[in-house]
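Peer 1: need the 3D shape of this:
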Amino acid sequence: VVAPDGRCFAASRLQARPLRKSYHLGDDAQCRPHERVCPCDPGFRDGPSLWSAWAQFETEIQVEKDRFVLNGKPMQIKAGCIHYFRIPKPYWRDRLLRLRAMGLNAAQIYIPWNFHETEQGQYNFEGNRDVIEFIEEAQKAGLLVVLRPGPYICAEWEFGGFPYWLLKNGTITLRTDAEPYMSIAGGWYSFILNKVKPYLYSNGGPIVMVQVENEFGYYGDVLGNPSDRSYMEKLIKISRDTLGEDVVLFTTDPGTLEQMQRGSVNTSQVVSIGDGCKNLTECWTAQEIMNPPGMRVRMVSEYYTGWLTHWGEKMANTSSKMVASELHEILATNGSVTLYMAHGGTNFGFWAGANGKTNATYMPVITSYDYDSPVGEAGEHGYGSDGTDKNDALSAVLHSFWDPEVDGAASAPEEPQPIPSCALNGGNPVKMQKEASLLSPTTLSQLSPRPRAQAGATPTPIEILGCGYGLALYSAVMGEGGSSISLPGVARDRAQIFVDGDYYGTIYRTNNSDVNIGKAAKPGARLEILVEVMGRIHFGPAIDFEQKGIVGPVFLDQHPLKTQGGWTTHCLPLDFAEIQRVPFKPIDVSTLSSKLPKFYRVVMDVPEGAVDTFINMKGWGKGIVWANGRNLGRYWPSQGPQHMLYVPGPFIGNGTTGEADGVRLDIVVLELDEPKSDLTIHFSEASRFWPRKG
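Peer 2: Next up, the predicted model:
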């Protein structure tokens, strides 16, 4: 772009949004890949006045006079939290457009470190992990972006977003200025900030705010611990040095002065913001005290539209009318807000986290992350405990606060049409066709071709062996006899006990009960302990001690077990490429009640262009389901409340060609306990979590 005085400028991304920033360039200057330069020649200077069109726009987001200011105009940020890592990529645009239709002007996005740096130094931003493409999709949907890049995110996500490999060398001091954590986390943080920098609002992208850390006041104490203060100051410095001055940095802590003082710093470099904020007056007062004059914006960075659910609880469900009323109060008092969640999504694979302060209070999160949010797990409208449409209730409030000058249009767009769903096979039962024993040598050779031999009397946590998720099988030859096996405080998280191939019982992390193995406990007997990793704690101080597998000695009759030659460990990450190599055979009905872990499989023809559906696992024990190779997550209907798993249409559409005009849907179930007696599953068109009126 050429200025009236003849200088040549480069501008980022000539798309739907106005240009954000100019760079003075010499005639021979080279632009970065995301910039375009208009030729500096006299003929172009005399052409149409692009400059005059550009000049009417300012190019920044600021905090001034205690308000957010966008392009010189005061604004309320009305964001909705949405997690790209919980949504199938083909549905990203649909979900973002639903947020925009609600009347939101921004998307709040976490970036989970462990989703991208899966092994140390190995990065993955392909497919569903392409956060840059998600940011671009948000911009196309007319949404600004509030970014939360960690290093810690919570989000009810496995290990709060930390990679499992941080625990390879044992426990590590996290979330403070201590080595090696500070160097490793600082390296990731700098890397991801550099990756998103071209998408700042000032560079032509949609990112207007970037959060530093996350709810640190729940964990650390910048007032009382110099290392904690140094940690936060270093992250703020990395943020500012990397991103520059043209973005709003902020911290999020619970909406009380005490928690904000523990988690943030009173400085002009960062805005301290509260979340929750049930007592809105207290929250606004705390933010006024924490922030310097002129930066005292009012914002609730997480206003909870619903809540999370753990296995064994009732499904979280809040009143639509209450949530709408509280949202109105926030906006009516000149507050900005983020709906947490606007759309929750699904904990596919092994990504669900857990809460807990001790082993006794360990509470893993269910597979669904519907969150009772206004946009439900499958994109449908959520419903509150009062039976009314939560999406409609919140949309009515947000539309009443729509501001055409800063929200980008005269009014919110129409909501996309609902994504079709159906009960496959007409909702009739579908019976499993084949099976494979998990513990057979043939299966183990495919799932874990290189078992790790260990000397000594104590098994090793799986992280030290280079394993992160799934299952671990510990095997040893008993060197003595006895009557009962126990794992006092060392089972992470659910351990099934087998002696010479027979099942004897299960020890769960929340109890220290013994498993009676009777006469089988004798020298030379083969003891096998299959441990399911249920998700690392994602919140609070207990996060520091989240190694998995067996993390201490195995006891026989209240003393450490003596073995003949130590322990052998099979890491079982349960990647579907490995499961595909397992030979399946016709089902042996005589072994159904043996409680031996098995894979079950059925391949069925479904109509081409199949739509969303849910698999109903009611009557089964506990396990994991794959659909056309996609890990749908865990089921545990005996604990509840969830017994249906979401199968997005795109997961079905990637099957091989079937008979007639259909595709094949390959369902694999790993049942860890005892299968449904008739070995059937069936499909439903909806999850049926919520009561509804009308």
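Peer 1: could you pull up phi and psi at K519?
Peer 2: phi -70, psi -10 (degrees, to the nearest 10).
Peer 1: confidence score at it?
Peer 2: Looking at K519, its pLDDT reads 77.
Peer 1: and it, how far from D557?
Peer 2: 14 Å (C-beta to C-beta, to the nearest Å). No exception for glycine: its C-beta is placed from N, CA and C like everyone else's.
Peer 1: please say which of these two ends up with more neighbours.
Peer 2: A count of neighbours by other C-beta atoms under 10 Å puts D557 above the other of K519 and D557, at 14 against 9.
Peer 1: is the spatially closest residue to that one that is not a sequence neighbour in a helix, a strand, or coil?
Peer 2: Distances taken as C-beta to C-beta, 6 or more residues apart in numbering place G482 nearest to D557, at 4.2 Å, with adjacent residues excluded. Assigned with DSSP: H, G, I helix; E, B strand; the rest coil, G482 falls in the coil class.
Peer 1: residues in contact with G482?
Peer 2: Taking C-beta atoms under 8 Å, 6 or more residues apart in numbering, we find G482 in contact with 517, 521, 556-557, 561.
Peer 1: of those, just the buried ones, ChimeraX syntax please.
Peer 2: One line in ChimeraX is enough to select the buried ones among those; burial here means 16 or more other C-beta atoms under 10 Å:
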select :517,521,556,561
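Peer 1: in strands only, show me the contacts of G482.
Peer 2: Counted as lying in strands by DSSP state E, out of the contacts of G482, are L556.
Peer 1: any idea which of the contacts of G482 is the one closest to Y123?
Peer 2: L561 (41.3 Å; C-beta to C-beta).
Peer 1: just to check, the closest one is in contact with A457?
Peer 2: Yes - applying C-beta atoms under 8 Å, one finds L561 in contact with A457, separated by 7.0 Å.
Peer 1: between the two, which contacts overlap?
Peer 2: By C-beta under 8 Å, 6+ apart, the residues touching both L561 and A457 are P553.
Peer 1: and K73, how many residues sit next to it?
Peer 2: 12.
Peer 1: repeat that for R100.
Peer 2: 24.
Peer 1: in which helix or strand would I find it?
Peer 2: helix 92-102 (DSSP states H and E).
Peer 1: which residues sit against that helix?
Peer 2: Contacts of helix 92-102 (C-beta under 8 Å, 6+ apart): 80, 82, 84, 87, 107, 133-134, 137-138, 140-143, 342-343, 345, 374-375, 379, 391, 394-395, 398, 412-416, 419.
Peer 1: buried among those? Make that a PyMOL selection.
Peer 2: One line in PyMOL is enough to select the buried ones among the contacts of helix 92-102; burial here means 16+ other C-beta under 10 Å:
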select buried, resi 80+82+84+87+107+134+137+138+141+142+143+342+343+345+374+375+379+391+394+395+398+412
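Peer 1: quick one: the strands in the stretch 501-650 of the chain, in order.
Peer 2: 502-508, 515-516, 526-532, 549-550, 555-556, 559-560, 567-572, 585-586, 598-607, 613-616, 623-627, 630-635, 644-647 (DSSP state E, counting those that start in this stretch).
Peer 1: sheet partners, orientation included, of the fifth one?
Peer 2: Partner strands and pairing direction for strand 555-556 (DSSP bridges) are strand 484-486 (antiparallel), strand 559-560 (antiparallel).
Peer 1: same question for the longest one.
Peer 2: Here the strand partners of strand 598-607, with direction, are listed using DSSP bridges: strand 434-437 (antiparallel), strand 662-671 (antiparallel).
Peer 1: roughly how far out does it sit from the chain middle?
Peer 2: 28 Å (C-alpha atoms, centre = their mean, to the nearest Å).
Peer 1: sketch out the low-pLDDT regions of this structure for me.
Peer 2: 1-59, 452-456, 654-662, 688-694 (pLDDT under 70).
Peer 1: can you redo the strands paired with strand 555-556 as TSV with distance to L438 and mean neighbour count?
Peer 2: Listed next are the strands paired with strand 555-556 as TSV, based on distance: least, C-beta to C-beta, whole Å; neighbours: other C-beta atoms under 10 Å:
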stretch	distance to L438	mean neighbour count
strand 484-486	20	21
strand 559-560	27	12
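Peer 1: quick one: the strands in the stretch 251-400 of the chain?
Peer 2: With DSSP E, counting those that start in this stretch as the criterion, the stretch 251-400 of the chain has strands spanning 271-275, 299-304, 336-343, 354-355, 363-364.
Peer 1: which helices and strands does the fourth one pack with?
Peer 2: Secondary structure elements in contact with strand 354-355, counted by 3 or more C-beta pairs under 8 Å, 6 or more residues apart in numbering; DSSP states H and E, are strand 363-364.
Peer 1: what's the separation between G379 and K676?
Peer 2: G379 is 29 Å from K676, by C-beta to C-beta.
Peer 1: stretch 628-639: end-to-end distance?
Peer 2: Chord length of stretch 628-639, first to last residue, is 26 Å (C-alpha to C-alpha, to the nearest Å).
Peer 1: residues contacting the residue sitting nearest the centre point of the chain?
Peer 2: The chain has W157 as the residue nearest its centroid, 4.5 Å off, counting by C-alpha atoms, centre = their mean. Contacts here follow C-beta under 8 Å, 6+ apart; on that basis W157 touches 85, 110, 112, 114, 347, 351-353, 538.
Peer 1: show me which positions of stretch 450-468 end up buried.
Peer 2: Quick answer for stretch 450-468 (16+ other C-beta under 10 Å): 452, 454, 458-465, 467-468.
Peer 1: and stretch 587-602, by the same measure?
Peer 2: 587, 592, 595-602.
Peer 1: again, but for stretch 607-625
Peer 2: Those would be 610-617, 619-625, for stretch 607-625 by 16+ other C-beta under 10 Å.
Peer 1: kindly export it (C-alpha atoms) in CSV.
Peer 2: Extracted in CSV, the C-alpha atoms of stretch 607-625 (Å, rounded to 0.1, in the frame of the first residue of the first chain):
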residue,chain,number,x,y,z
PRO,A,607,-25.7,-45.3,4.3
GLU,A,608,-23.2,-43.1,2.4
GLY,A,609,-23.1,-39.6,3.9
ALA,A,610,-24.0,-41.0,7.3
VAL,A,611,-24.7,-38.3,9.9
ASP,A,612,-24.0,-37.9,13.6
THR,A,613,-25.0,-40.7,16.0
PHE,A,614,-24.4,-41.9,19.5
ILE,A,615,-23.3,-45.4,20.6
ASN,A,616,-25.2,-46.7,23.6
MET,A,617,-22.9,-48.8,25.8
LYS,A,618,-25.5,-49.5,28.6
GLY,A,619,-25.1,-53.0,29.9
TRP,A,620,-21.3,-53.2,29.2
GLY,A,621,-18.7,-52.9,32.0
LYS,A,622,-15.8,-50.5,31.4
GLY,A,623,-13.7,-49.8,28.4
ILE,A,624,-12.9,-47.8,25.3
VAL,A,625,-14.6,-47.6,21.8
